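J.: coords below, sequence missing:
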């Protein structure tokens, strides 16, 4: 099954520049034969899938008990990780 994907910016800093750090199929859930690409944001170092499954296809890739819960309707994840990055930077600069 081919999964629809979309290219996205970094959820932490909004940067569109990244470097590929690895790629491979979904070994854990075996939901498709697509090859997924893990990337590192060149702006802040955040690691994420890019391209990623579209919101319509996310529930095909991630089962309902996958953590964290799939809540694409809010900016919760971005706010969480921006806060996390802020505190990590404060700790490392102290």
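T.: Happy to help now that I have it. Quantities reported herein were computed from a predicted structural model and do not represent experimental measurements.

J.: okay, now residue 17: neighbour count?
T.: For residue 17, the neighbour count with other CB atoms under 10 Å is 10. Every residue, glycine included, has its C-beta placed from N, CA and C.

J.: Relative to residue 42, how far out is it?
T.: Applying CB to CB, to the nearest Å, the value for residue 17 to residue 42 is 4 Å.

J.: Residue 53 contacts residue 4, correct?
T.: Yes. Taking contacts as CB atoms under 8 Å, residue 53 lies within contact range of residue 4: 6.9 Å.

J.: Could you check which of the two is surrounded by more residues?
T.: Using other CB under 10 Å as the criterion, residue 53 and residue 4 rank with residue 53 on top: 20 against 13.

J.: OK, contacts around that one?
T.: 3-6, 60-61 (CB atoms under 8 Å, 6 or more residues apart in numbering).

J.: try it again with 6 Å
T.: By CB atoms under 6 Å, 6 or more residues apart in numbering, the contact set of residue 53 is 3, 5, 61.

J.: from these, which is closest to residue 29?
T.: Nearest to residue 29 among these, counting by CB to CB, is residue 61 at 7.1 Å.

J.: doesn't residue 24 make contact with residue 37?
T.: No. If you go by CB atoms under 6 Å, residue 37 and residue 24 don't touch, sitting 8.7 Å apart.

J.: Looking at these two, which has the bigger crowd around it?
T.: residue 37 (17 against 10).

J.: Which phi and psi values does that one adopt?
T.: phi -120, psi 120 (degrees, to the nearest 10).

J.: okay, it: pLDDT?
T.: Listed pLDDT for residue 37 reads 94.

J.: and if you look at the one 4 residues further on?
T.: Note for residue 41: predicted pLDDT of 95.

J.: and it, how far is that from residue 5?
T.: Taken as CB to CB, the span from residue 41 to residue 5 is 18 Å.

J.: Please say which of the two ends up with more neighbours.
T.: More neighbours surround residue 41 than the other of residue 41 and residue 5, with 21 against 16 (other CB under 10 Å).

J.: Please tell me I have it right and that one contacts residue 18.
T.: Yes. Using CB under 6 Å, residue 41 makes contact with residue 18 at a distance of 5.3 Å.
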